[in-house]
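# just a sequence and a predicted model for now, questions to come.
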Amino acid sequence: MSEASHSTHPTRADRSRLPNPHLADGPAGLALDGVALADIARQFGTPTYVYSARALRENFASYQQALAGRKHRVCYAMKANSNLSILKLLAGMGAGFDIVSAGELARVLAAGGDPAGIVFSGVGKQVAEIEAALNAGGSGIGCFNVESATELARIEQVAARLGKRAPVSFRVNPDVDPKTHPYISTGLKDNKFGVAFGTAIDLYRRAAASAHLKVVGIDCHIGSQIIDPAPFMEALDKMLDLVEQLEREGIVIEHFDLGGGLGITYRDEAPPTPAQYLAPILARFDARGHGSKTFMLEPGRSIVGNAGLLLSTVQVIKQAASKRFCIVDAAMNDYMRPAMYGAYSEIVEVAPQGDAAVHDVVGPVCESGDWLGRDRLLAVAEGDLLALLSAGAYGMSMASNYNTRGRAAEVLVDAGQVRLIRRRETIDMQLADELAALQAR
Ligand SMILES: *Cc1c(COP(=O)(O)O)cnc(C)c1O
């Protein structure tokens with residue numbers, strides 16, 4: 001369970017092999033693509049999420065290259081990081097998008113993404129969301145990834161009312177164990193996601209018989225932060241069994257969507273590259289006679305995770321009876337993964353100074369669960385900068401205002417330039433709606 005690899009011994013990141021590409025020591029400490037993190041902190045303050053445009057482009061391109069020469073679509077699972085500038089960058093490279101809400105749909109449209117490249121996943125799609133998706137850009141989104149019989153009926157009703165035909169795929173639950181953290185395993189049979197393998201055929205028959213539904217594909221998504229590619233192959237084979245059964249009944253499947261889930265390096269995980277994990281999968285896909293179908297994926301974490309880091313400033317070093325705390329200005333409301341999954345991320349000094357000591361790196365939030373890293377050997381003093389690595393995915397997109405803390409700023413480093421892509425949330429911004437309610441009384 002790589003998400004929950006608690007350290008029992010103090011750990012120290014190897015500065016010569018950091019998990020974020022394009023991050024390296026320079027004359028002023030750590031620099032991302034040549035831009036000193038200290039300069040970013042001076043200009044934009046902390047806590048701040050810092051992303052590398054170059055890493056984002058490389059990560060997306062690695063999927064495109066692995067799928068080159070065949071009909072394909074890479075739908076970025078934007079819940080990993082939904083900043084408009086990041087969506088725009090990926091849309092410009094031809095990305096489709098995997099969305100899970102009307103809010104995410106609005107973000108894709110605002111960023112200039114193509115509605116036809118959108119797949120809509122999620123177990124609780126509401127009528128208004130379905131309507132917005134059917135109307136997006138006039139001709140609607142590319143596909144609903146349907147997760148229940150109720151949802152199928154609901155989509156059919158809304159499509160009938162609007163005089164449209166809704167493109168559908170079923171998210172089938174292949175019941176494979178991705179061997180990842182239980183909170184991010186999604187393809188087991190007692191999971192809220194997807195439709196059970198055994199009931200899928202019947203749902204496909206229903207959809208195929210409807211004048212307001214059009215069967216276009218099949219999809220699955222078995223989990224996240226998957227390092228061992230074997231479960232993907234297992235899912236592929238099970239799904240193809242179903243596809244072949246559907247085709248014997250004359251139900252045409254135009255696209256096959258294997259979902260997302262490829263893991264990244266947080267500490268010492270060595271996930272395969274997209275090309276490495278996809279090569280045997282595509283070989284099997286072709287060998288079983290499906291090579292002319294559109295092959296789709298929904299990667300999130302592996303596109304943005306290692307492209308981002310969270311920059312913070314040490315506020316207080318506090319020695320307790322048997323522990324030394326490094327209290328920083330970032331907290332669980334900025335980066336929830338440690339509190340939520342016990343997740344590990346490397347934390348490195350922007351410019352180490354003095355002797356290293358073992359610290360628990362924690363935030364100022366009033367919760368003992370508010371920690372970012374435990375038992376870390378760090379050479380730090382109050383006022384120093386720390387970078388929490390591999391923070392691009394499920395970082396800012398999960399941020400909250402707990403403790404009335406404003407959400408962090410986000411900046412994008414692109415070709416040696418730094419651009420603010422979301423300003424720091426102010427207290428005024430946080431209070432505005434409640435003040436309006438007070439004043440309306
Ligand atoms: C979260 C999610 C993804 C992306 O998962 P990653 O592990 O970030 O690649 C893809 N598809 C669906 C349906 C999801 O819910």
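That came in fine, so what should we check first?

# now for residue 63, how many residues are close by?
23 (other CB atoms under 10 Å). C-beta here means a position set from N, CA and C on the backbone, and glycine is covered the same way.

# which ones are touching it?
74, 274, 297, 299, 303 (CB atoms under 8 Å, 6 or more residues apart in numbering).

# got a winner among these for most neighbours?
That'd be residue 303 among the contacts of residue 63, by other CB under 10 Å, with 31 neighbours.

# quick one: that one and residue 393, what's the gap?
8 Å (CB to CB, to the nearest Å).

# cool, and residue 191?
21 Å.

# show me which of the two is the more surrounded one.
Taking other CB under 10 Å, residue 191 and residue 393 do not tie; residue 393 has more neighbours (26 against 16).

# that one: what secondary structure?
coil (DSSP: H, G, I helix; E, B strand; the rest coil).

# what's stretch 150-168 in contact with?
Residues external to stretch 150-168 that are found in contact with it (CB under 8 Å, 6+ apart): 123, 125, 127, 130-131, 134-135, 140-144, 146, 203, 206-207, 210-216.

# out of those residues, which are buried?
125, 130-131, 134-135, 140-144, 146, 203, 207, 210, 212-216 (16 or more other CB atoms under 10 Å).

# next step: those restricted to helices.
Under the assignment DSSP state H, those contribute 130-131, 134-135, 203, 207 to helices.

# just the CA trace of the longest strand seen in the chain, in CSV.
In the chain, ranked by residue count with DSSP state E as the criterion, the top strand is strand 308-319. Only the C-alpha atoms of strand 308-319 are listed here, as CSV (Å, rounded to 0.1, in the frame of the first residue of the first chain):
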residue,chain,number,x,y,z
GLY,A,308,3.8,20.1,-9.0
LEU,A,309,5.2,20.9,-5.5
LEU,A,310,3.9,22.8,-2.5
LEU,A,311,6.2,25.5,-1.3
SER,A,312,5.9,26.6,2.4
THR,A,313,7.8,28.6,5.0
VAL,A,314,8.8,27.3,8.4
GLN,A,315,7.1,29.3,11.0
VAL,A,316,8.1,27.7,14.3
ILE,A,317,10.5,24.9,15.3
LYS,A,318,9.1,23.4,18.5
GLN,A,319,10.8,20.8,20.7
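
# elements contacting it?
helix 37-44, strand 48-52, strand 324-328, strand 385-388 (3 or more CB pairs under 8 Å, 6 or more residues apart in numbering; DSSP states H and E).

# so which of these is nearest the ligand?
Judged by CB to the nearest ligand atom, the one of those that comes nearest to the ligand is strand 48-52, at 15.6 Å.

# can you name the element that comes right after that closest one?
helix 53-66 (DSSP states H and E).

# does the ligand sit close to that following helix?
No. Residues of helix 53-66 contacting the ligand under CB under 6 Å from any ligand atom: none, with a closest distance of 10.8 Å.

# next helix or strand past that helix?
Trace forward from helix 53-66 with DSSP H and E and the next one is strand 72-77.

# count the residues that sit near the residue nearest to residue 211 when sequence neighbours are not counted.
Of all residues beyond its chain neighbours, the one nearest residue 211 is residue 165 (7.3 Å), with distances taken as CB to CB, 6 or more residues apart in numbering. By other CB under 10 Å, 16 other residues sit near residue 165.

# just the pLDDT for residue 165.
Listed pLDDT for residue 165 reads 98.

# now residue 396: how far from residue 408?
7 Å.

# neighbour-wise, which of the two wins?
residue 408 (28 against 25).

# now that one, nearest residue through space, not along the chain?
Nearest to residue 408 is residue 47, by CB to CB, 6+ apart, at 4.4 Å.

# now do the contacts for the one you found.
310-313, 328-331, 334, 408-409.

# could I get these in CSV, plus columns for pLDDT and distance to residue 421?
Output for those, formatted as CSV (pLDDT from 0 to 100; distance: CB to CB, whole Å):
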residue, pLDDT, distance to residue 421
310, 99, 14
311, 99, 14
312, 99, 18
313, 98, 20
328, 98, 22
329, 98, 20
330, 98, 18
331, 98, 21
334, 98, 16
408, 98, 12
409, 99, 9
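
# so which residues of the stretch 251-400 of the chain form strands?
Ranges of strands within the stretch 251-400 of the chain are 255-257, 294-297, 308-319, 324-328, 347-349, 357-362, 371-378, 385-388, based on DSSP state E, counting those that start in this stretch.

# what of the stretch 51-200 of the chain?
Here the stretch 51-200 of the chain has its strands, by DSSP E, counting those that start in this stretch, at 72-77, 96-99, 118-120, 143-146, 166-173, 195-196.

# would you list those in a markdown table and tack on distance to the ligand?
Shown next, in a markdown table, are the strands of the stretch 51-200 of the chain (distance: least, CB to the nearest ligand atom, whole Å):
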| stretch | distance to the ligand |
| --- | --- |
| strand 72-77 | 3 |
| strand 96-99 | 5 |
| strand 118-120 | 8 |
| strand 143-146 | 7 |
| strand 166-173 | 7 |
| strand 195-196 | 13 |
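
# which one of the ones you listed has the lowest average pLDDT?
When the strands of the stretch 51-200 of the chain are ranked by mean pLDDT, strand 195-196 comes last with a mean of 93.

# which secondary structure elements does that strand sit against?
By 3+ CB pairs under 8 Å, 6+ apart, strand 195-196 packs against strand 166-173.

# adjacent strands (with direction) for the strand it packs on?
Paired neighbours of strand 166-173 in the sheet (DSSP bridges): strand 143-146 (parallel), strand 195-196 (parallel), strand 213-219 (parallel).

# could you dump the ones you listed to JSON lines with distance to residue 257?
Listed next are the strands paired with strand 166-173 as JSON lines, based on distance: least, CB to CB, whole Å:
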{"stretch": "strand 143-146", "distance to residue 257": "7"}
{"stretch": "strand 195-196", "distance to residue 257": "14"}
{"stretch": "strand 213-219", "distance to residue 257": "4"}
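
# anything in contact with each of residue 396 and residue 408?
Both residue 396 and residue 408 are in contact with 49, 334, where contact means CB under 8 Å, 6+ apart.

# right, I'll call it a day here.
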